[in-house]
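In: Whatever this is, show me its structure:
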Amino acid sequence: MNALQAGGTAQRTSLPASVSVVTWNVERCLFPEDTAAHMERFAPQVVLLSEVDHGMARTGQRHTTEAMAEAMGMTYLFGVEFHELDLGGPTEQAFCKDDFNRLGWHGNAILSAVKPERVRLIRLDDHGHWYSSDEVPADPEQPRLGGRMAIAAVLPTDAGPVCFVSTHLESNADAAHRHAQFELLLDAVDDFAPDMPVVIGGDLNTGNHLPPDFDWKRETLFDLARSRGYDWSATPDGMTTRASLITPHPDRVMKLDWFCIRGLRSTDSALVPSLDSNDRPLSDHDAVWAQFDLS
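Out: Predicted coordinates for the structure are as follows:
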């Protein structure tokens, strides 16, 4: 739970001074090759992924991160967020051909066109939030060990090293909990990559468990980041969730996915609908794309 798996093939030795980056919660990554192809028009040199499976029955026991990296000709880092103890909920079990998980790993990943110079796995929870119901109601359909985490990687660019971070904050919690997680993350990034530009991307679950309106604007982590020299300008307007094959909730629309940046600027950004050419949802989250100027 504290190790990172690395693999794939680098396309180049250094990223250009203008970098295309996608952050995307791919909801288990049911279709790795199709998910990779969906990003082709943005030609990303860095992809920050949440909710990727490795050895899970619901995704054909595949290493979905490795499959995406191979399809895109990129390197990858994979870290375990949870060790899943069962097959998942009813909609996920419909995709299972086996009645067991070969490994049961589920986590975050970073794909990159270059080999990372340094990497770190940053754990954000240590209390069994999903295994124990002492703090919040546990989900009986998702018994799991572990907790939320982030992957940080320093990547070489023509403008100098840049730290990229893929993270996933807690959904089954309130704003104070996510604030504490994000503060821990920012502290860890300061320790790991001081005095360099930083791009944090991921599903921050903003607005989750904030009744009655579930409004992302009530989260305190936004001002926390601003007070630490970060900004949110690379995130385009618009909600980022939709109904999917696993999460068929047509009326639940939220803004969960963000870029948080320091020491660089975004020159363009867009939300990328997760519907493929046949209108099949690849995820319950749309992807977020941005172009960054590192010069």
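In: pLDDT score assigned to residue 214?
Out: If you check residue 214, the pLDDT there is 88.
In: Offset the numbering so it begins at 12, please.
Out: All right, first residue 12 from here; so that's residue 225.
In: Please tell me I have it right and it contacts residue 250.
Out: No. Between residue 225 and residue 250 there is no contact under C-beta atoms under 8 Å: 11.2 Å. In this view, the C-beta of every residue, glycine as well, is placed from N, C-alpha and C.
In: what residue ranges in the stretch 12-161 of the chain score low on pLDDT?
Out: For the stretch 12-161 of the chain, the stretches with pLDDT under 70 are 137-151.
In: Send me the host helix or strand of residue 163 as CSV with only the CA atoms.
Out: If you go by DSSP states H and E, residue 163 is part of strand 160-166. Taking Å, rounded to 0.1, in the frame of the first residue of the first chain, the C-alpha atoms of strand 160-166 are listed here in CSV:
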residue,chain,number,x,y,z
MET,A,160,-4.1,8.6,-1.7
ALA,A,161,-2.1,10.5,-4.3
ILE,A,162,0.8,9.9,-6.6
ALA,A,163,3.4,12.6,-7.2
ALA,A,164,5.9,12.5,-10.0
VAL,A,165,8.6,15.0,-10.9
LEU,A,166,8.8,15.0,-14.7
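In: what sits up against the helix or strand hosting residue 44?
Out: For residue 44, the element it lies in under DSSP H and E is helix 43-49. With contact meaning C-beta atoms under 8 Å, 6 or more residues apart in numbering, helix 43-49 is reached by 35, 37, 40, 73, 75, 78-79, 82-83, 283, 285, 287, 293-294, 298.
In: Any buried residues in it, and which?
Out: Residues of helix 43-49 classed as buried under the neighbour-count rule (16 or more other C-beta atoms under 10 Å) are 43, 45-49.
In: quick one: which of these is nearest residue 98?
Out: Ranked by distance to residue 98 (C-beta to C-beta), the buried residues of helix 43-49 are led by residue 43 at 19.0 Å.
In: Perfect, I'm done here.
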